[in-house]
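Engineer: here is a sequence with its predicted model. Questions after.
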Amino acid sequence: MRTTSSSFITASFLLSLGTGTALAQHAISVPAEIEYNSNPALTPDGESAMLYRVAPQYTITRESGPTRSVLSFGGVLERSSDTRVSANRADPNISYELELSAPTSVITLNASLEEASSRTTEFLETGRVTEDSTLRTGLAGARWAKQLSESTSLELAGGYSQVRYDTPLLVGYSETRAESSLGWQPADGSRFSLAVAAARLNPDNNAERSRRQGLLVSHERQLSPTFSAQIGVGTVKTSGARAGRDTVGNLQLVYAGERLSSEIEWVREISPSGSVGGYTLSRGVAWGLSYPLTASTTLTSRYSRARSLEIDGSTGQSLAFGLRSELTAFWSMTVRLERARATLASGARANGNAIGIGLVYAHPNL
């Protein structure tokens with residue numbers, strides 16, 4: 001997968017460079033942060049560590065007529081004062097997206113390679129606390145969207161992903177998926193959609209292959225000039241290592257006022273997990289808020305909670321507050337406070353507190 005995705009990214013990027021005169025926009029961001037964390041491993045008898053982190057990201061956007069391409073690459077470099085508690089990390093990433101537009105249709109091709117901390121991703125997605133290892137993900141996909149009439153549209157999408165871990169305690173896998181969606185937008189501005197999806201998962205440990213088929217009905221509506229809502233409900237059938245039928249759904253409420261903006265989201269879903277080497281059912285809720293205190297300083301807060309709905313019943317939740325103050329046109333200072341809490345499969349609980357202070361250099365158009 002790494003070779004296939006790299007070739008796709010290279011070929012697509014060269015194609016976009018050869019499309020004639022194009023308008024290119026270059027953007028760069030370099031956040032740097034020092035963090036004290038009382039329990040980064042989220043264990044009942046956890047130890048503290050100082051973390052030093054820098055995460056540069058460079059993005060090139062090119063537009064030429066109906067063609068638009070975005071190439072982004074960077075990474076996260078992290079050093080720990082105690083590698084027994086939290087390992088040193090160097091997690092690169094690269095992604096590429098090519099969009100070809102026509103009067104009534106759009107084709108999008110995308111691919112990416114990324115490394116990340118499996119402990120972070122599993123905690124956020126399923127509430128599980130896992131080994132401090134590296135998650136390597138390769139993705140390649142395509143989407144075709146067609147406007148059939150003034151009120152109806154059709155989308156077809158497919159993709160392939162491959163996930164690997166550098167620890168035998170987690171199980172890597174590959175997944176092939178396809179989805180079709182039919183949308184209808186009446187005159188009142190709301191939108192209805194019916195989506196049908198199917199996927200096949202192959203675990204690396206030679207365990208039984210798993211399949212999933214699902215149906216989701218969604219409705220989006222602008223309730224007022226500042227308030228919108230989206231709700232979806234459906235069912236997913238899985239076979240293989242985890243066989244059964246489950247109800248899934250999502251709810252999203254968004255408020256965007258003149259100053260205050262807020263969003264809350266609830267989701268119940270079936271997704272792949274390296275902890276179980278197959279599909280797993282989880283439920284999550286997230287809430288975020290942004291409020292400008294002054295012309296140059298913004299307060300943000302975020303709460304998230306994820307719970308595994310399998311036998312282990314693991315739960316992870318975090319609450320964070322942040323301040324970002326613009327020092328100059330390109331420099332900002334950040335302060336972050338976060339509290340994380342985990343309920344482990346054994347029933348034990350673990351807490352961790354973090355405080356981070358950082359600087360951000362961001363230039364949106366070099």
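Structural biologist: Cool, got the structure.

Engineer: alpha carbons only for contacts and neighbour counts from here, please
Structural biologist: OK.

Engineer: all helices for the stretch 1-150 of the chain, in order.
Structural biologist: Ranges of helices within the stretch 1-150 of the chain are 2-17, 118-126, based on DSSP state H, counting those that start in this stretch.

Engineer: which of those helices has the lowest mean pLDDT?
Structural biologist: Lowest mean pLDDT within those: helix 2-17, a mean of 46.

Engineer: so how far is P40 from the nearest residue to S81 once chain neighbours are set aside?
Structural biologist: Residue nearest to S81 in three dimensions, not counting chain neighbours: M50, with 5.2 Å by C-alpha to C-alpha, 6 or more residues apart in numbering. Between M50 and P40 the distance is 10 Å, computed by C-alpha to C-alpha, to the nearest Å.

Engineer: neighbour count for those two, which is higher?
Structural biologist: P40 (23 against 20; other C-alpha atoms under 10 Å).

Engineer: thought the more buried one was touching R84?
Structural biologist: No - judged on C-alpha atoms under 8 Å, P40 makes no contact with R84 at a distance of 10.7 Å.

Engineer: R79: how many residues sit nearby?
Structural biologist: 17.

Engineer: what comes up buried for the helix or strand containing L337?
Structural biologist: For L337, the element it lies in under DSSP states H and E is strand 331-343. Within strand 331-343, the residues scored as buried using 16 or more other C-alpha atoms under 10 Å are 331-343.

Engineer: stretch 317-331 now?
Structural biologist: Q317, S318, L319, A320, F321, G322, L323, R324, S325, E326, W331.

Engineer: among the residues you listed, which lie within strands?
Structural biologist: Under the assignment DSSP state E, these contribute Q317, S318, L319, A320, F321, G322, L323, R324, S325, E326, W331 to strands.

Engineer: how about those in JSON lines, adding pLDDT?
Structural biologist: Below are these laid out as JSON lines (pLDDT from 0 to 100):
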{"residue": "Q317", "pLDDT": "94"}
{"residue": "S318", "pLDDT": "95"}
{"residue": "L319", "pLDDT": "97"}
{"residue": "A320", "pLDDT": "97"}
{"residue": "F321", "pLDDT": "98"}
{"residue": "G322", "pLDDT": "98"}
{"residue": "L323", "pLDDT": "97"}
{"residue": "R324", "pLDDT": "97"}
{"residue": "S325", "pLDDT": "97"}
{"residue": "E326", "pLDDT": "96"}
{"residue": "W331", "pLDDT": "97"}
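
Engineer: distance to H219 added to those, as TSV?
Structural biologist: Formatted as TSV, those follow (distance: C-alpha to C-alpha, whole Å):
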residue	distance to H219
Q317	28
S318	29
L319	29
A320	30
F321	32
G322	33
L323	35
R324	35
S325	38
E326	38
W331	41
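
Engineer: tell me how far the closest residue to A340 other than its chain neighbours lies from E338.
Structural biologist: Excluding its sequence neighbours, the residue lying closest to A340 (C-alpha to C-alpha, 6+ apart) is S318, at 4.2 Å. Applying C-alpha to C-alpha, the value for S318 to E338 is 7 Å.

Engineer: for G313, same thing?
Structural biologist: 23 Å.

Engineer: okay, now I264: neighbour count?
Structural biologist: Using other C-alpha under 10 Å: I264 sits among 18 other residues.

Engineer: cool, P168 as well?
Structural biologist: By other C-alpha under 10 Å, 10 other residues sit near P168.

Engineer: bridged to S180, which residues?
Structural biologist: S180 forms beta bridges with L156, V196, as assigned by DSSP bridges.

Engineer: burial measure for it, as a count.
Structural biologist: 18.

Engineer: tell me the contacts of it?
Structural biologist: Residues near S180 by C-alpha atoms under 8 Å, 6 or more residues apart in numbering: L154, E155, L156, A157, A195, V196, A197.
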